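**Q** Based on what follows, work out the 3D shape:
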Amino acid sequence: MEKSMSMAPLLLMVLCLPFALGWHDYNQALSKSILFFEAQRSGYLPHNQRVTWRANSGLNDGKASGVDLVGGYYDAGDNVKFGLPMAFTITMMSWSIIEYGKPMAANGELGHAMEAVKWGTDYLIKAHPEPYVLYGEVGDGNTDHYCWQRPEDMTTDRHAYRIDPSNPGSDLAGETAAAMAAASIVFRRSNPAYSSELLHHAYQLFDFADKYKGKYDSSITVAQKYYRSVSGYNDELLWAAAWLYQASNNQYYLNYLGKNGDSMGGTGWAMTEFGWDVKYAGVQTLVAKFLMQGKAGMHAPVFERYHQKAEHFMCSLIGKGTRNVQKTPGGLMFRQRWNNMQFVTSASFLATVYSDYLASSKGTLRCAAGNVAPTQLLSFAKSQVDYLLGDNPRGTSYMVGYGNNFPRQVHHRGSSIVSIKVDSKFIACRQGYAAWYTRKASDPNVLTGAVVGGPDAYDNFADERNNYEQTEPATYNNAPLLGILARLGSGHSGYNQLLPEAVPVPKPVAAKPKAEPKAKSTPNPATTSSPIFIQQKMTTSWNEKGRTYYRYSIVMTNKSSKTLNDLKLSISKLYGPIWGLTKSGNSYGFPTHLNSLPAGKSLEFVYIHAASPADVSVSSYNLA
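**A** Got it, this is the predicted structure:
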């Protein structure tokens, strides 16, 4: 009897704490978290749009400024397109795919994830119409927040704001360069021409950011109330350089990190946060990776200082450092009242990849409290994701649509108002507040996959639409989560994250049977069974001013029985001059004296640079 009595409080405790027994379907959460981005789309929605309660919106964006700015993402629960958080979202989605594209592919979600990235990069390309011009905002937060309207009904001002040499914005241009560079890695195998285009924009944007220095919110002042650049722009310049080095292997960017690490704060700032404004912890994590890969060279002492600061950040997350992050009683990392979850997902992503970097290098985490196994970092990330998905004192999932107990009154215009496809009657600016914002009922449209701001410092949460600090979602909450969920959902370790990135080619998301292509029609993409045979070899090398240069020869042979026309080659990782081809845009074709290559004939071209061989592939061709 006494035994039974003593067990009762324990049983009661277990029943009252559902978070103690949690188990989660990370693959399902991944699918939902990617779906959220489709709800945030602006512009003409594609035929395969899965969030069907949304419709076209923002179709005149940029028109008054003489530029096409249709597309992109709304950042959160409003209808403004803010360039800085949008670019950071694209960078983090891309990083998620670069690190964990294989488990995403195994889950069938890689295609959707890459579509989400491309929806953003297509817009960023439009927003960068000239080398030294970048549009950084469409719409105005002040007038937009005065209205509560569906994106499809939008009547607010859609003025487009830009930076240029007279009105610089190194943080905005730097983050956009990072996004373009990271995305170029994502598409390198599946769409090499698009990858090259993205890298070209990244080069130009970095040059713009570095040449014309200034804070973007001093030029686009309407952003100050919403996305003020508190950290300045040095972190974005280092962040962009790190991504450009990772994407191009160009030593210029590695040298930039080495020469400017101390003066720009990369080796000085010991961080306990990472997000759309403050990138130092992200830079330090990437540079630590380069160091582990043996790429530091002469910059090894500087890179080791970056490395130390990366480890300071990681130690602070798991409570083993000299200055540790604050946590709620339920164990959630806590940074601030307003949308705290953005810091949770971003920090957890860094912990996840750094855990795998350490495991790949057979290393340990060096903390003030002693050496720590890499698995503790992954355990921290898992604990944060599990809390987010429902393992918390309230038993609440902070991802909309996941589990049974999730927020029903999300601070989001589109989800809180009946779909325009259900009721097409126009909803005016203030009418939305009167009829829908104050309505004490569940949202008519479930914003599946959205990660809301989350609880306060004591694990308290109020599911109320006007509680924007806790119930508003954001794209940059979800972006880092993609990688963590893919990693946790794979259910095993054994990754080697220090090997070169090789994002798999996704299977078609909605494959449709295609008719057999007719001869002499549109150019045929080259495949492994291509009749075009390419052989590349190094023919000579020499030293010049302490550097070794190589001459590479490429012989391309037409092995078919027909004449080769309309050739387009993709050449990446080329850092020197090339002879024997004609460049057109981002691709290469026959030299000016040659229009075709007869059956059985060969064509040679050469290039010189101080690096490993370039990647040469056939983008398209025609046989006649």
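
**Q** Which parts of the stretch 351-500 of the chain are strands?
**A** For the stretch 351-500 of the chain, strands defined by DSSP state E, counting those that start in this stretch occupy the ranges 365-367, 370-372.

**Q** Can you give the contact residues for stretch 580-587?
**A** For stretch 580-587, contacts defined as Cβ atoms under 8 Å, 6 or more residues apart in numbering pick out 193, 196-197, 200, 568-570, 588-592, 603-606, 619. Just so you know, the C-beta spots here come from the backbone N, C-alpha and C atoms, and that holds for glycine as well.

**Q** Format the strands of the stretch 351-500 of the chain as TSV; extra columns: distance to residue 82, mean pLDDT and mean neighbour count.
**A** Listed next are those as TSV, based on distance: least, Cβ to Cβ, whole Å; pLDDT from 0 to 100; neighbours: other Cβ atoms under 10 Å:
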stretch	distance to residue 82	mean pLDDT	mean neighbour count
strand 365-367	35	96	19
strand 370-372	37	93	13
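
**Q** about what we covered before: now a PyMOL select for only the buried ones of the contacts of stretch 580-587.
**A** Buried subset of these, written as a PyMOL selection, criterion 16 or more other Cβ atoms under 10 Å:
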select buried, resi 193+196+197+568+569+570+588+589+590+603+605+619
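
**Q** The contacts of stretch 580-587 in helices, which ones?
**A** Members of the contacts of stretch 580-587 lying in helices (criterion: DSSP state H): 193, 196, 197, 200.

**Q** With adjacent residues omitted, what lies nearest to residue 374?
**A** Computed as Cβ to Cβ, 6 or more residues apart in numbering, the closest residue to residue 374 that is not its neighbour in sequence is residue 358, at 3.9 Å.

**Q** what's the spacing between that neighbour and residue 132?
**A** 40 Å (Cβ to Cβ, to the nearest Å).

**Q** which of the two has more neighbours?
**A** A count of neighbours by other Cβ atoms under 10 Å puts residue 358 above the other of residue 358 and residue 132, at 24 against 17.

**Q** Read off the pLDDT value for the more buried one.
**A** Per-residue confidence at residue 358 stands at 96 (pLDDT).

**Q** Would you mind measuring from the nearest residue to residue 206 once chain neighbours are set aside to residue 404?
**A** Nearest residue to residue 206, sequence neighbours excluded (Cβ to Cβ, 6+ apart): residue 177, at 4.3 Å. Distance of residue 177 to residue 404, computed by Cβ to Cβ: 43 Å.

**Q** residues in contact with stretch 352-364?
**A** Applying Cβ under 8 Å, 6+ apart, the external contacts of stretch 352-364 come out as 95, 99, 285, 288-289, 292, 310, 314, 365, 371-378, 381, 483-484, 487, 493, 495-499.

**Q** Narrow these to those that are buried.
**A** 95, 99, 285, 288-289, 292, 310, 314, 365, 372, 374, 376-378, 381, 483-484, 487, 495, 497-498.

**Q** Check residue 493 and give its pLDDT.
**A** Looking at residue 493, its pLDDT stands at 60.

**Q** go on, residue 257?
**A** pLDDT, residue 257: 98.

**Q** who's in contact with it?
**A** Applying Cβ under 8 Å, 6+ apart, the residues contacting residue 257 are 238, 241, 242, 245, 266, 283, 287, 290, 299, 302, 303, 306.

**Q** Following the chain past the helix or strand where it lies, name the next helix or strand.
**A** Assigning secondary structure by DSSP states H and E places residue 257 in helix 251-260. Next along the chain after helix 251-260, taking DSSP H and E as the criterion, comes helix 280-292.

**Q** Poorly predicted segments of the chain, please.
**A** 1-22, 492-495, 508-530, 542-547, 549, 575, 579, 586 (pLDDT under 70).

**Q** let's go with 50 and repeat that
**A** Segments of the chain classed as low confidence (criterion: pLDDT under 50) are 1-21, 510-529.

**Q** all strands of the stretch 51-200 of the chain, in order?
**A** Under DSSP E, counting those that start in this stretch, the stretch 51-200 of the chain gives strands at 81-82, 134-138, 160-163.

**Q** Of those strands, which is nearest residue 32?
**A** Closest approach to residue 32 among the strands of the stretch 51-200 of the chain (Cβ to Cβ): strand 81-82, 23.4 Å.

**Q** Quick check: which helices or strands does the closest one pack against?
**A** Taking 3 or more Cβ pairs under 8 Å, 6 or more residues apart in numbering; DSSP states H and E as contact, the helices and strands that strand 81-82 lies on are strand 134-138.

**Q** Run through who's touching the strand it packs on.
**A** Contact with strand 134-138 is made by 58, 61-62, 65, 67, 69, 72, 80-84, 126-129, 158-164, 169, 172-173, 176, 205, 208, 216, 220, 222-223, as judged by Cβ under 8 Å, 6+ apart.

**Q** please redo it, this time with the cut-off set to 7 Å
**A** With contact meaning Cβ atoms under 7 Å, 6 or more residues apart in numbering, strand 134-138 is reached by 61-62, 67, 69, 80-84, 127-128, 158, 160-163, 169, 172-173, 176, 205, 216, 220, 222-223.

**Q** quick one: the helices in the stretch 1-150 of the chain?
**A** In the stretch 1-150 of the chain, the helices defined using DSSP state H, counting those that start in this stretch lie at 2-16, 26-39, 83-106, 110-126, 141-146.

**Q** which of the residues in the longest one are buried?
**A** Pointing back at helix 83-106 there. The neighbour-count check on helix 83-106 (16+ other Cβ under 10 Å) flags 83-105 as buried.

**Q** Stretch 440-455 too?
**A** Those would be 443, 445, 446, 447, 448, 449, 450, 451, 452, 453, 454, 455, for stretch 440-455 by 16+ other Cβ under 10 Å.

**Q** Put the alpha carbons of it into CSV.
**A** Once non-C-alpha atoms are left out, stretch 440-455 reads as follows in CSV (Å, rounded to 0.1, in the frame of the first residue of the first chain):
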residue,chain,number,x,y,z
LYS,A,440,-11.9,35.0,-31.7
ALA,A,441,-11.9,31.9,-33.8
SER,A,442,-9.4,29.6,-35.6
ASP,A,443,-7.9,30.7,-38.8
PRO,A,444,-10.0,29.7,-41.9
ASN,A,445,-6.8,28.7,-43.6
VAL,A,446,-4.3,26.4,-41.9
LEU,A,447,-0.8,27.9,-42.4
THR,A,448,0.8,24.4,-42.5
GLY,A,449,4.5,24.2,-41.4
ALA,A,450,4.8,27.8,-40.2
VAL,A,451,7.0,28.1,-37.1
VAL,A,452,5.6,30.9,-34.9
GLY,A,453,7.5,33.2,-32.5
GLY,A,454,7.0,30.8,-29.6
PRO,A,455,6.8,31.1,-25.8
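
**Q** tell me how far that stretch is from the chain's mean position?
**A** Using Cα atoms, centre = their mean, to the nearest Å, the mean C-alpha position of stretch 440-455 is found 23 Å from that of the whole chain.

**Q** swap in stretch 171-187?
**A** In terms of Cα atoms, centre = their mean, the centre of stretch 171-187 is set 8 Å apart from its chain centre.

**Q** Quick one: residues in contact with the helix or strand hosting residue 300.
**A** Residue 300 is part of helix 300-317 when elements are defined by DSSP H and E. Helix 300-317 is contacted from outside by 258, 261-262, 266-267, 269-272, 281, 284-285, 287-288, 290-291, 296, 321, 323-325, 347, 350-351, 354, 365-368, 377, 380, using Cβ under 7 Å, 6+ apart.

**Q** what do you get if the cut-off is 8 Å, keeping everything else the same?
**A** Helix 300-317 has contacts (Cβ under 8 Å, 6+ apart) with 257-258, 261-262, 266-272, 274, 280-281, 283-285, 287-288, 290-291, 296, 321-325, 333, 347, 350-351, 354, 365-369, 372, 377, 380.

**Q** now do stretch 318-336
**A** Outside stretch 318-336, the residues that reach it (Cβ under 8 Å, 6+ apart) are 19, 270, 272-273, 312, 315-317, 340, 343-344, 347-348, 351, 365, 367-370, 372, 376-377, 380, 383-384, 387-388, 392-393, 454-459.
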